[in-house]
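Trainee: Predicted model and sequence follow; I will ask about them next.
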Amino acid sequence: MKTLIIAEKPDMGRTIAAVMEPRATNRRTHLEGERFIVTWAIGHLVGLAEPDDYDPKYKKWQDADLPIIPDNFKLSPNPRTKDQLKVIAELARKCERIVNACDAGREGQLIFHLIRRHLKLNQPVDRLWISDLTPETIRKGFQQLASDEKYAPLTRAAQARSEADWLIGMNASRAFTIRHRTLLSVGRVQTPVLALLYDRYKEIEAFQSETYYRIEAQFDQKTVKYKGIWQGERLTDGAKAQALAEKVKGKKGRISRYDIAESKEYPYRLHDLTLLQREANGRYGFPAKKTLDVAQALYEKHKVITYPRTSSNYVTEETIPVMAKALDMLRGTEYAELAVGADRSKVHKGNKAVCNPSKVEDHHAILPTPKKPGSLSADEKKIYDLIVRRFLSHYYGPAVYRNHTVLTEVEEETFRTRVKQLLDPGWKVTQGQADNEEKKSRGKSKKNGDEEEEDEQLLIDGEFTVDAEAPVLCKGAKAEEKATQPPKAFTEGTLLKAMESAGKSMEDEELRETMRDSGLGTPATRAATIERLKQVGYIGAVGKKLEVEPKGIAAIELIRGAGVELLASPVMTGQWERRLVQIARDEASDETFIEKVKQFAKLIVEKVRQQAPAPSGTFQEQERGSGRQGTRKGAARTAGRAKGAAGAKSTAASKSAGGGRAAAAGGKGIRSAAASGKAAADSQGSPPGLKVLGRCPQPGCGGAIVEGKRGYGCSKFKEGCRFVIWKEQHGKKISLTMLQSLLQKRQTSLLTFTNESGAAVKGRLQLELPYTGELRLVTADS
């Protein structure tokens, strides 16, 4: 009999089949060869069942039914992909062995084992564990297949994380939603991330700008001209500042000190997913999800980069020869000049900035593969370019600078000048436009408080020197009015950095160490977390900036006020990840972990029951303030009402919530948050003044479809109806005309979409699930 290979996605399956069974018969759902049948999941084919699959009473959200604690977790097929699940079941009957070829990591392990458990597949299973989809790597991976039993602890950790997320997310979301009469999504990762945004918002709101004065003088010494910044206590009196400028203007002075020191700047770390997302956001304004999607296409479709969902910035010794092959490939591309100039001897096992096996777990850093890129879309070229230039930078030496520090005294007043002179660009020659942007910045640096440093550092390419013994002349001086600046609002790039570094200030050394390597979420889930916060109406984007909506502000204040503030703290995630790592290493019990999570879920429900309901109007959008700080007066008013109510009935046991019972708990709510978010973000039943756009198509519902801020939802969401059509899907904004067509005909008229390669395609949006409002894009070539 044959062996069944189950990949995570169709492209991956076809790529594996092209290597292992090049003459296989190509079917729509699988490929069949002499030895192997290759098929695939389409992401999560199976997930944890919804509460109403345990008991129909859970369709209606009621406080009396909480907490919901299943004795044994049921599984439920994804209705959108149930046909593919049937295909896997049928193919498995024809095979005596199975290869798990899903992504090599915790989530890939979960995807496969949920399928295996649901279908009751009893065949022996081997594990394919690879980091790229090049033919050489695939062949080597099949030569080194290991028994899937080797990964049993990782499987237990993945299942424990999934079940714990369900317990916390499902119970916390329902408890807060029922108590405060509006849809509130709570999760182990998303809630602490929302808290980061909330805390920054409060810092900006509380910030009071102060005026101060900076004195800049222009000095001449023979043929050299340079500027200096006055050194002294910050001046807040404009008259004194102007008097000081007049005091030195036109006067002679001397150089009291002149220091020269050389420094080296080494290449930045190789990309992990978060670094790549941060750079793409800063350079191109790409949202984190877009960068992940583009990188995934470069990996799966084009096979020109290695596995992108990695958390490592390093490689192992075994990867170095593959890197050399990728370098050779680049000689035949637009990067030829840089590839030819590269010194391959710089990348070796002793170079710990590149090769550090102790910091590589599932996958090494993102690298170009030896496959030459073909036709890439504009966005794909941008992401590929970032990866290639970072890769090439490690084959060059450090950038070398000469740093000049000059102290000039005039009329007993001291001025400082700092100049950073580039001697050898080293690896910076690989950075192209990025290096030019750095030069334009003129080397300005920042202090805490976000104002420019009192003495800007000038970055130059040419020569600079002064004579320490010769006199100088102050040709001019001016007092410039400045203002201290508030902390900056988060962008997706800076939020990703904050998520990555969350917990580094923890006092618990072990927790701090755990969070150092993980942060909030994983590289693969951080983009989805940000998108989730947008989807449920907690945050919005204004240009590159992320702003907290009134609903998000109120949510954090209610959660903190309920006495379960651990839900909004990275401490909980640190405790959780520490235990999951131990489970994956077979050093801890997943059953004990889940039992503690159940206790915490019960505690959350008890605490929320004691909380006073949020006052009417708490979550409504109010008029926003304007100005540089982005102050939201209306938001502050509504949030203030939430804060006042948050702890009205809360007991003083909030600190005990962080004790033993909460030690391992939190709740990301994979499907829980998704379930609670399936009602329109700001629907409030069917209040007067809202236009009825149609009838809910969910069988037996009869509710009205009304327009919310981010979607068209059912007015009966409080009774458990989860129908909502989000306003933006598949790259289209759902107009009222499209909505009417979807409600009446279950599909839109023919529309134009853009596929992954950037080409225009014709297709329709179809209402696939009248229970949830899920839409499916059907194109001519689907």
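Mentor: Yep, it's here.
Trainee: what comes into contact with the helix or strand encompassing Thr529?
Mentor: Using DSSP states H and E, Thr529 falls within helix 523-535. With contacts defined as Cβ atoms under 8 Å, 6 or more residues apart in numbering, helix 523-535 is touched by 105, 107, 185, 187, 189-190, 193-194, 197, 272-274, 277, 287-289, 291-292, 309-311, 492, 495-496, 499-500, 520-521, 539-541, 546, 552, 668, 673, 677, 681, 710, 726. Backbone N, C-alpha and C define where each C-beta goes, glycine included.
Trainee: In strands, which of the residues you listed appear?
Mentor: Ile539, Gly540, Ala541, Leu546, Trp726 (DSSP state E).
Trainee: mind listing what the nearest residue to the fourth one once chain neighbours are set aside touches?
Mentor: Distance criterion Cβ to Cβ, 6 or more residues apart in numbering; nearest residue to Leu546, sequence neighbours excluded, is Phe490 at 4.8 Å. When contacts are counted by Cβ under 8 Å, 6+ apart, Phe490 touches Leu196, Leu197, Arg200, Ala498, Lys545, Leu546.
Trainee: run the last query once more with 7 Å
Mentor: Leu197, Arg200, Ala498, Leu546 (Cβ atoms under 7 Å, 6 or more residues apart in numbering).
Trainee: Quick one: buried ones out of the contacts of helix 523-535?
Mentor: 105, 107, 185, 187, 189-190, 193-194, 197, 272-274, 277, 287-289, 291-292, 309-311, 492, 495-496, 499-500, 520-521, 539, 546, 552, 668, 673, 677, 681, 710, 726 (16 or more other Cβ atoms under 10 Å).
Trainee: Specify the beta-bridge partners of Asp424.
Mentor: Counting by DSSP bridges, Asp424 is bridged to Val400.
Trainee: Rank the helices and strands of this structure by mean pLDDT and give me the bottom one.
Mentor: None of the helices or strands of the chain scores lower by mean pLDDT, DSSP states H and E than helix 672-676, at a mean of 33.
Trainee: circling back to that earlier point, now for the contacts of Phe490: which two are most distant?
Mentor: Ala498 and Leu546 (10.8 Å; Cβ to Cβ).
Trainee: Next up, identify which helix or strand Arg254 is on.
Mentor: strand 252-265.
Trainee: Just the C-alphas of that strand, formatted as CSV.
Mentor: Only the C-alpha atoms of strand 252-265 are listed here, as CSV (Å, rounded to 0.1, in the frame of the first residue of the first chain):
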residue,chain,number,x,y,z
LYS,A,252,36.6,84.9,19.7
GLY,A,253,36.9,81.6,21.5
ARG,A,254,39.0,78.6,21.9
ILE,A,255,38.7,74.8,21.6
SER,A,256,38.9,73.5,25.2
ARG,A,257,38.7,69.8,24.2
TYR,A,258,38.9,67.8,21.0
ASP,A,259,38.4,64.0,21.1
ILE,A,260,38.6,61.6,18.2
ALA,A,261,37.6,57.9,18.5
GLU,A,262,36.8,55.2,16.0
SER,A,263,33.8,53.0,16.1
LYS,A,264,32.4,50.1,14.2
GLU,A,265,28.8,49.3,13.3
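Trainee: how distant is that strand from the center of its chain?
Mentor: 43 Å (Cα atoms, centre = their mean, to the nearest Å).
Trainee: Just checking: what are the partner strands of it?
Mentor: Sheet pairing for strand 252-265, using DSSP bridges, gives strand 399-410 (antiparallel), strand 472-483 (antiparallel).
Trainee: Would you mind finding the most buried of those strands?
Mentor: Compared across those, strand 399-410 shows the largest average neighbour count, a mean of 19 (mean count of other Cβ atoms under 10 Å).
Trainee: gap between that one and the chain center?
Mentor: For strand 399-410, the distance to the chain centre is 40 Å (Cα atoms, centre = their mean).
Trainee: Make sure I have this right: Gln488 is in a helix.
Mentor: Just to correct that, residue 488 is Lys rather than Gln. No: secondary structure of Lys488 (DSSP: H, G, I helix; E, B strand; the rest coil): coil, not part of a helix.
Trainee: Compute the distance between it and Ala195, please.
Mentor: 18 Å (Cβ to Cβ, to the nearest Å).
Trainee: And the helices in the stretch 351-500 of the chain?
Mentor: Taking DSSP state H, counting those that start in this stretch to define them, one finds helices in the stretch 351-500 of the chain at 378-393, 433-440, 492-501.
Trainee: could you check the angle strand 399-410 makes with the longest one?
Mentor: Meaning helix 378-393. 80 degrees (axes from the mean of the first three to the mean of the last three Cα atoms, to 10 degrees).
Trainee: Let's see helix 378-393 as PDB, backbone CA atoms only.
Mentor: C-alpha atoms of helix 378-393 as PDB (Å, rounded to 0.1, in the frame of the first residue of the first chain):
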ATOM      1  CA  ALA A 378       5.800  44.900  -6.800                       C
ATOM      2  CA  ASP A 379       5.100  44.100  -3.100                       C
ATOM      3  CA  GLU A 380       6.800  40.700  -3.400                       C
ATOM      4  CA  LYS A 381       9.900  42.500  -4.800                       C
ATOM      5  CA  LYS A 382      10.000  44.900  -1.900                       C
ATOM      6  CA  ILE A 383       9.900  42.200   0.700                       C
ATOM      7  CA  TYR A 384      12.400  40.000  -1.200                       C
ATOM      8  CA  ASP A 385      14.700  43.000  -1.500                       C
ATOM      9  CA  LEU A 386      14.700  43.500   2.300                       C
ATOM     10  CA  ILE A 387      15.500  39.900   2.900                       C
ATOM     11  CA  VAL A 388      18.300  39.700   0.300                       C
ATOM     12  CA  ARG A 389      20.000  42.900   1.400                       C
ATOM     13  CA  ARG A 390      20.000  41.800   5.000                       C
ATOM     14  CA  PHE A 391      21.400  38.400   3.900                       C
ATOM     15  CA  LEU A 392      24.100  40.000   1.800                       C
ATOM     16  CA  SER A 393      25.100  42.500   4.600                       C
END
